[in-house]
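S.K.: quick one, structure for this:
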Amino acid sequence: MLKPIVLSGIQPTGNLHIGNYMGAVQNWVALQNAEKYQCYFCIVDYHSLTSELTPAERKNNTLSLAAELIAAGLDPKKITLFVQSQVPEHTELAWIFNCVTPVAELYRMTQFKDKSTRQEKNINTGLLTYPILQAADILLYGGQLVPVGQDQVQHLELTKDIARWFNNRFGNYFPEVKPLLTEIPKVMSLLEPTKKMSKSLGGGHIVELADEPKSIEKKLSKAVTATAGGGTAPGAQNLLMLLKQFGTTELYTQFLQQEKTGTIRYGDLKKELARVIGNYFSDFRKRRAELLLNTTELQNILDHGAQKAQAVAQKTMSEVRKLIGIR
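M.R.: Have a look, this model is predicted:
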């Protein structure tokens, strides 16, 4: 019996932080280890062209991200890990999808609106057509399930629509894609806890998986906790949530009780949280360093993944070309 196909991707915009880990990578590892799915995980470097990375940053980030994904638990022997640009069929299928997608649907996408606001000086066409390439990423492999949080369902609905528009015009070919909804803890910025943790906010706002313990302790020491108005402030809630994720149940319960009784010392909470996060990612840091010492081996892993992915992608495009009348 064929396993359901799962696909997800991540941009090479910098080192992984704990928000990326809790929001995506941790779940990918769980899906891989469940052994119930055929998993494709992709470093989507073409998508990163919509941002303002330099060519050198994009190249270096792609390799370091591959190292970090493997160090975090992805096993290239169990899943297909590859770089999007090494499989040119992604952009070919995206162009075909461009030609069946009403432009009005793209202007409705909240991500286009959000990113246009964040990078007002670089509102490029790629920001608008980003969801079409995303649909191609998924459907190229017959993707059936995509692990997402509730806030990402809109893009997946568009992928379903694109498959339907194609099928109505050229014949029933692409499967219906469904969200593999996951409970994703929302990790907030250390310095602005009303905003989601993001690299775009700056280094002091995030804890990277590769951060050394002293760096983690320094960042957390500056984390915002209390605010006026009483009750548990967003910053304190964020730190307690992270302690629940990375610490022991006993430690979390202890600080949660102190928070409820008003006896909590946030300095102690920050030190304990820095300690448990540093310990949690100790093996990750060692494995990451080993992989980055041998980038030839790392590139070989990505090349092998691309070969596996392209074998599927070429078959898909051969059939799609026949359906649309291109030989």
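S.K.: low-confidence stretches in the protein?
M.R.: Scanning the chain for pLDDT under 70 picks out 1, 111-120, 122-124, 150-151, 184, 227-232.
S.K.: please enumerate the helices of it.
M.R.: With DSSP state H applied, the chain shows helices at 18-20, 26-34, 55-71, 89-98, 103-107, 110-118, 125-139, 153-170, 213-221, 234-246, 249-261, 266-280, 282-293, 295-324, listed in chain order.
S.K.: dump the fourth one to CSV, restricted to CA.
M.R.: Yep, that's helix 89-98 we're talking about. Extracted in CSV, the C-alpha atoms of helix 89-98 (Å, rounded to 0.1, in the frame of the first residue of the first chain):
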residue,chain,number,x,y,z
GLU,A,89,10.5,21.4,-13.0
HIS,A,90,9.3,23.5,-10.1
THR,A,91,9.4,26.7,-12.1
GLU,A,92,8.1,25.0,-15.3
LEU,A,93,5.0,23.8,-13.5
ALA,A,94,4.6,27.2,-11.8
TRP,A,95,4.4,28.9,-15.2
ILE,A,96,1.7,26.5,-16.4
PHE,A,97,-0.2,27.2,-13.1
ASN,A,98,0.3,30.9,-13.8
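S.K.: ok and that helix relative to helix 295-324, angle-wise?
M.R.: 30 degrees (axes from the mean of the first three to the mean of the last three CA atoms, to 10 degrees).
S.K.: contacting residues around helix 89-98?
M.R.: 46, 84, 129, 132-133, 135-137, 139-140, 162, 166, 310, 313-314, 316-317, 320, 324 (CB atoms under 8 Å, 6 or more residues apart in numbering). (C-beta placed from N, C-alpha, C; glycine too.)
S.K.: and the angle for it with helix 153-170?
M.R.: With the same axes, to 10 degrees defining the directions, helix 89-98 sits at 70 degrees from helix 153-170.
S.K.: quick one: buried residues of helix 89-98?
M.R.: Buried residues in helix 89-98, counted by 16 or more other CB atoms under 10 Å: Glu89, His90, Glu92, Leu93, Ala94, Ile96, Phe97.
S.K.: relative to the whole chain's centre, how far out is it?
M.R.: Chain-centre distance of helix 89-98: 22 Å, with CA atoms, centre = their mean, to the nearest Å.
S.K.: what is the orientation angle of it with helix 125-139?
M.R.: Using the same axes, to 10 degrees: helix 89-98 against helix 125-139 is 110 degrees.
S.K.: mind giving me the domain split of this protein?
M.R.: Here the domain parsing of the chain from automatic domain parsing is 5-186+294-324, 199-284.
S.K.: just put the ones you listed in JSON lines and tack on distance to Glu192.
M.R.: Listed next are the domains of the chain as JSON lines, based on distance: least, CB to CB, whole Å:
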{"stretch": "domain 5-186+294-324", "distance to Glu192": "13"}
{"stretch": "domain 199-284", "distance to Glu192": "7"}
